[in-house]
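1. Model the following, please.
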Amino acid sequence: MADRNNDRVVSFDAEPLILVDAQDREVGHASKADAHAGNGILHRAFSVFIYNSAGELLLQQRAASKPLWPGYWSNSCCSHPRQGEEMESAIARRLQEELGLTCALEYKFKFQYHAEFGEAGSESEVCWVYVGVSDAPIRVNSTEIAAWRFVAPEVLDREIATTPDRFTPWLRMEWQRLRQQHE
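-> Numbering: from 1, shown residues only. Prediction:
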């Protein structure tokens with residue numbers, strides 16, 4: 001079982017995100033709140049899938065305080081690089097902040113998507129997807145993560161097929177592509 005990392009707030013509405021065009025070229029910056037408001041503004045993001053040595057995927061349930069998709073199950077870690085931050089540094093920072101771990105990662109692909117969450121806002125992202133393997137202890141940050149679990153890939157396939165609304169839209173898209181092209 002995991003230790004609690006801490007309850008330190010690590011995500012802020014004012015943090016400056018990197019706005020991009022459809023080719024993932026930097027075109028400016030906006031606060032996280034502005035980038036996700038209404039229909040959203042296209043910005044750079046990342047998603048990380050961490051497996052243990054048994055081949056099970058670490059899923060996290062997003063904290064109830066999250067403005068978009070609170071309480072939904074998602075991939076191991078996802079977030080955004082901030083203005084002036086390289087992708088690798090952003091991922092290392094976020095893995096430590098959310099899960100209290102470091103992990104070697106392999107880049108798999110990037111894609112653009114848009115998903116609305118009612119009146120609360122939208123995700124409009126060019127998302128870079130990474131995969132890693134770790135058996136290190138997990139120390140979750142409860143301001144970000146309500147619960148976590150490891151799940152066998154075939155079990156996740158069945159859960160997404162039978163109860164897709166329990167999962168974030170980006171997880172469903174990324175998982176489908178990972179299963180089809182990269183496993």
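2. Tell me the buried residues in stretch 154-172?
-> 156, 160, 167-171 (16 or more other C-beta atoms under 10 Å). Where you see a C-beta, it was placed from the backbone N, CA and C, and this is true even at glycine.
3. tell me the mean pLDDT over that stretch?
-> The predicted model assigns stretch 154-172 a mean pLDDT of 97.
4. Just give me the closest of the buried residues of stretch 154-172 to S47.
-> Of all the buried residues of stretch 154-172, W170 has the smallest distance to S47: 6.2 Å, by C-beta to C-beta.
5. From the contact counts, what lies against the host helix or strand of the closest one?
-> Here W170 sits within helix 169-181, counting by DSSP states H and E. Using 3 or more C-beta pairs under 8 Å, 6 or more residues apart in numbering; DSSP states H and E as the contact test, the elements touching helix 169-181 are strand 43-51, strand 73-74, strand 105-116, strand 122-133, helix 153-162.
6. start to end distance for stretch 131-149?
-> 17 Å (C-alpha to C-alpha, to the nearest Å).
7. avg pLDDT for it?
-> Taken as a whole, stretch 131-149 has a mean pLDDT of 94.
8. Now do that stretch: distance to the chain's middle.
-> 12 Å (C-alpha atoms, centre = their mean, to the nearest Å).
9. same question, stretch 49-58
-> That offset, for stretch 49-58, works out to 15 Å (C-alpha atoms, centre = their mean).
10. what about the chain, any weak spots by pLDDT?
-> 1-6, 8-14, 182-183 (pLDDT under 70).
11. sorry, back to before: can you dump the C-alpha coordinates of the helix holding W170 into CSV?
-> This file holds the C-alpha atoms of helix 169-181, laid out as CSV (Å, rounded to 0.1, in the frame of the first residue of the first chain):
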residue,chain,number,x,y,z
PRO,A,169,-11.8,10.9,-22.1
TRP,A,170,-8.1,11.2,-22.7
LEU,A,171,-7.4,7.9,-20.9
ARG,A,172,-9.9,6.1,-23.1
MET,A,173,-8.3,7.6,-26.3
GLU,A,174,-4.8,6.9,-25.2
TRP,A,175,-5.5,3.4,-23.9
GLN,A,176,-7.1,2.4,-27.2
ARG,A,177,-4.1,3.6,-29.2
LEU,A,178,-1.6,2.0,-26.8
ARG,A,179,-3.3,-1.3,-27.0
GLN,A,180,-3.6,-1.2,-30.8
GLN,A,181,-0.1,0.1,-31.7
